[in-house]
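Engineer: Just the structure for this:
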Amino acid sequence: MAAEFIYGVIFAVLLGFYLFYSSQGRKKSGKDTASIEIRDECVKNNSNGECRWENGEDADVIIVGAGVAGAALAHTLGQVDGRRVHVIERDLTEPDRIVGELLQPGGYLKLIELGLEGCVKEIDAQQVFGYALYKDGKNTKLSYPLEKFHSDVSGRSFHNGRFIQRMREKAASLPNVRLVQGTVTSLLEEKETVKGVAYKTKTGEELKAYAPLTIVCDGCFSNLRRSLCDPKVEVPSYFVGLVLENCQLPHQNHGHVILADPSPILFYPISSWEVRCLVDVPGQKVPSIANGEMANYLKTVVAPQIPPELYDAFIAAIDKGSIRTMPNRSMPAAPHPTPGALLMGDAFNMRHPLTGGGMTVALSDIVVLRNLLKPLQDLNDASLLCKYLESFYTLRKPVASTINTLAGALYKVFCASSDQARNEMRQACFDYLSLGGVCSTGPVALLSGLNPRPLSLVLHFFAVAIYGVGRLLLPFPSLKRIWIGARLISGASGIIFPIIKAEGVRQMFFPATVPAYYRAPPPLK
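Structural biologist: Numbering: from 1, shown residues only. Next comes the predicted model:
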């Protein structure tokens, strides 16, 4: 009996070790490029390092970057139009980011339109039905206006890397999409026309790839955008990211926005047992993580302002030490129309990530571009194609400008200020949204991408300002209150009008007056 017991213990220990290491191997494989089929079927000419299809022809489209925009675009062009697409991505392992984790309902509708809704399956994505807004111990729940849509339509929150890997797998599964790991070093130009790219493979081999159209989607750190646009990148703040484990949000399946001092704090689920926390820290510098300043800042300044239900999990996440930071960038779209090339995604246009609208803009842009390219069989006339694609910059404006303007304006309104008029605007915004009805559903429809109308955005923004003035003047106005009210209206104008100017007043509100709006496809040859 003793021997049998000993043998049983030994067997159990060995089996335990086997199962443990097997599970570790499975976890690791999720981060490995082996999970994505890399199809590199180009023929390499050793004399000049050119990369071509097996039949000796060039690709129809080169896509630089395989993030959300690049992977979705590759699948769209490869499946719908049947084009030969060559995608070059710097790193095909699973990304690990602290943003790009919330897809608004408007973005999910675009995902359905592109046939990619399956990419949010099997990654433990969570449905999101709206927001809970907190200020000074009070809270209000803001629901997405989803009554007219199928029950599956809602926001989705998830691990960004898992979502991107699913998108890459969908793109790589198409026989006419070639997904390779490499670093694009430059655009190949001839007579001011982009002909393709030069890139280095992961083994260090230098190659050139050619196509009539090169689309640059290499993200916020793009090193190619300067030749294709006028980048004016602002960094108003940093996000400090934490993951809270095994805790329940006060309002299930809702994002939580705390109007804290000095700036907003966000909470939203990214899996069935994890909650992402993003703490906005204004300015160009954040407390040091290495020397403990950041942990102290989070515990003394931030922790007292979060809902009590999340306090213990928040402190535990700080003590765990997995604190990460990233700069929040804002960049209006300012393209230089270039024959043979196009910018998309965060390489082209960024907004403050407070509202989680980046993926919605990117997916909407892909729908616009897909529809523009659909009638074209031949992409080889670069000058005609460039002139035709100028309409892309106007057609994308209703969605992009609404989300961009709202993100920039809301961030400025939601930040605390020493200016009494700005704080009155902040309080007015909270109270206006708390009124319910159109005062709630209208702004939330804009934020969610379900109602991309710039004029509606401006009307609601100034309705908040006027509501704030009314709060000041009723029931008994005074000279001081009238003065604060005047400064509130002036401050509101100073927030939104510069953003609208950067977006382009004519394209934003009067797109039909832009000649490119009516541009017809180049004639078939």
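
Engineer: now the helices for the stretch 101-250 of the chain?
Structural biologist: Remark: helices assigned in the stretch 101-250 of the chain by DSSP state H, counting those that start in this stretch are 105-113, 160-172.

Engineer: Now do the buried residues in the first one.
Structural biologist: So the one you mean is helix 105-113. By neighbour count on 16 or more other Cβ atoms under 10 Å, the buried set for helix 105-113 is 105-111. In short, each C-beta sits where N, CA and C put it, glycine included.

Engineer: Would you mind measuring from the most centrally placed residue in the chain to Y411?
Structural biologist: Centroid-nearest residue in the chain, with Cα atoms, centre = their mean: G358, separated by 3.0 Å. Taking Cβ to Cβ, to the nearest Å as the measure, G358 falls 14 Å from Y411.

Engineer: what does L111 give?
Structural biologist: Using Cβ to Cβ, which is the criterion applied here, L111 is 25 Å from Y411.

Engineer: Save the helices of the stretch 101-250 of the chain as JSON lines, and put in distance to N246 and mean pLDDT too.
Structural biologist: Listed next are the helices of the stretch 101-250 of the chain as JSON lines, based on distance: least, Cβ to Cβ, whole Å; pLDDT from 0 to 100:
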{"stretch": "helix 105-113", "distance to N246": "27", "mean pLDDT": "97"}
{"stretch": "helix 160-172", "distance to N246": "19", "mean pLDDT": "97"}
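
Engineer: Kindly reformat these as TSV and extend each row with distance to C51.
Structural biologist: Listed next are the helices of the stretch 101-250 of the chain as TSV, based on distance: least, Cβ to Cβ, whole Å:
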stretch	distance to C51
helix 105-113	31
helix 160-172	17
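
Engineer: mind checking pLDDT for the nearest residue to A347 once chain neighbours are set aside?
Structural biologist: Leaving aside its sequence neighbours, A347 sits nearest to S222 (Cβ to Cβ, 6 or more residues apart in numbering; 3.7 Å). With respect to pLDDT, S222 has a value of 94.

Engineer: Please shift the residue numbers so they start at 870 in all later answers.
Structural biologist: Done: numbering now begins at 870, and the last item shifts to S1091.

Engineer: right, and S1091 touches V1085 too?
Structural biologist: Yes - proximity of S1091 to V1085 meets the contact threshold set by Cβ atoms under 8 Å, at 6.6 Å.

Engineer: what touches both of those two?
Structural biologist: Here S1091 and V1085 share the contacting residues 934, 1216, scored by Cβ atoms under 8 Å, 6 or more residues apart in numbering.

Engineer: who has more neighbours, the two?
Structural biologist: Counted by other Cβ atoms under 10 Å, S1091 and V1085 do not tie: V1085 has more neighbours, with 30 against 21.

Engineer: residue contacts, the more buried one?
Structural biologist: V1085 touches 933-934, 1056, 1091, 1093-1094, 1097, 1210-1213, 1216-1217, counting by Cβ under 8 Å, 6+ apart.

Engineer: For those residues, give me JSON lines that also has distance to P1312.
Structural biologist: What follows is those, written out as JSON lines (distance: Cβ to Cβ, whole Å):
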{"residue": "V933", "distance to P1312": "36"}
{"residue": "G934", "distance to P1312": "32"}
{"residue": "L1056", "distance to P1312": "41"}
{"residue": "S1091", "distance to P1312": "32"}
{"residue": "L1093", "distance to P1312": "36"}
{"residue": "R1094", "distance to P1312": "31"}
{"residue": "L1097", "distance to P1312": "34"}
{"residue": "A1210", "distance to P1312": "37"}
{"residue": "L1211", "distance to P1312": "32"}
{"residue": "L1212", "distance to P1312": "30"}
{"residue": "M1213", "distance to P1312": "27"}
{"residue": "A1216", "distance to P1312": "29"}
{"residue": "F1217", "distance to P1312": "26"}
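
Engineer: which one of the helices of the stretch 970-1119 of the chain lies closest to K1243?
Structural biologist: Closest to K1243 of the helices of the stretch 970-1119 of the chain is helix 974-982 (Cβ to Cβ; 13.1 Å).

Engineer: Looking at the helices of the stretch 970-1119 of the chain, spot the one closest to P1267.
Structural biologist: For P1267, the closest of these is helix 974-982, at 11.2 Å, according to Cβ to Cβ.

Engineer: Tell me which of the helices of the stretch 970-1119 of the chain lies nearest to A1203.
Structural biologist: Of all the helices of the stretch 970-1119 of the chain, helix 974-982 comes closest under Cβ to Cβ, at 23.4 Å.

Engineer: got the angle between that closest one and helix 1029-1041?
Structural biologist: Counting by axes from the mean of the first three to the mean of the last three Cα atoms, to 10 degrees, helix 974-982 points 20 degrees away from the direction of helix 1029-1041.

Engineer: hang on, the earlier thing: which one of the buried residues of helix 974-982 is nearest to N1160?
Structural biologist: The closest of the buried residues of helix 974-982, once distances to N1160 are taken by Cβ to Cβ, is G976, at 38.9 Å.

Engineer: Surely that closest one touches D1234?
Structural biologist: No - G976 lies out of contact with D1234 (Cβ under 8 Å); the separation is 11.2 Å.

Engineer: any residues in contact with both of the two?
Structural biologist: Here G976 and D1234 share no contacting residue, scored by Cβ under 8 Å, 6+ apart.

Engineer: hang on, the earlier thing: what's the closest of the helices of the stretch 970-1119 of the chain to E1259?
Structural biologist: helix 974-982 (22.2 Å).

Engineer: Residues in contact with the closest one: which ones?
Structural biologist: 941, 972, 986, 988-989, 1013, 1015, 1018, 1022-1025, 1226, 1228-1229, 1232-1233, 1235-1236, 1268, 1317-1319, 1321.

Engineer: Pull out the buried members of these.
Structural biologist: 941, 972, 986, 988-989, 1013, 1015, 1022-1025, 1226, 1228-1229, 1232-1233, 1235-1236, 1268, 1317-1319, 1321.

Engineer: Which of those residues fall within strands?
Structural biologist: 972, 1024-1025 (DSSP state E).

Engineer: Please determine how far V1085 is located from M1377.
Structural biologist: 24 Å.

Engineer: I meant to write W1142 there.
Structural biologist: According to Cβ to Cβ, W1142 and M1377 sit 42 Å apart.

Engineer: Give me the more crowded residue out of the two.
Structural biologist: Taking neighbours as other Cβ under 10 Å, W1142 and M1377 compare with M1377 leading, 23 against 12.
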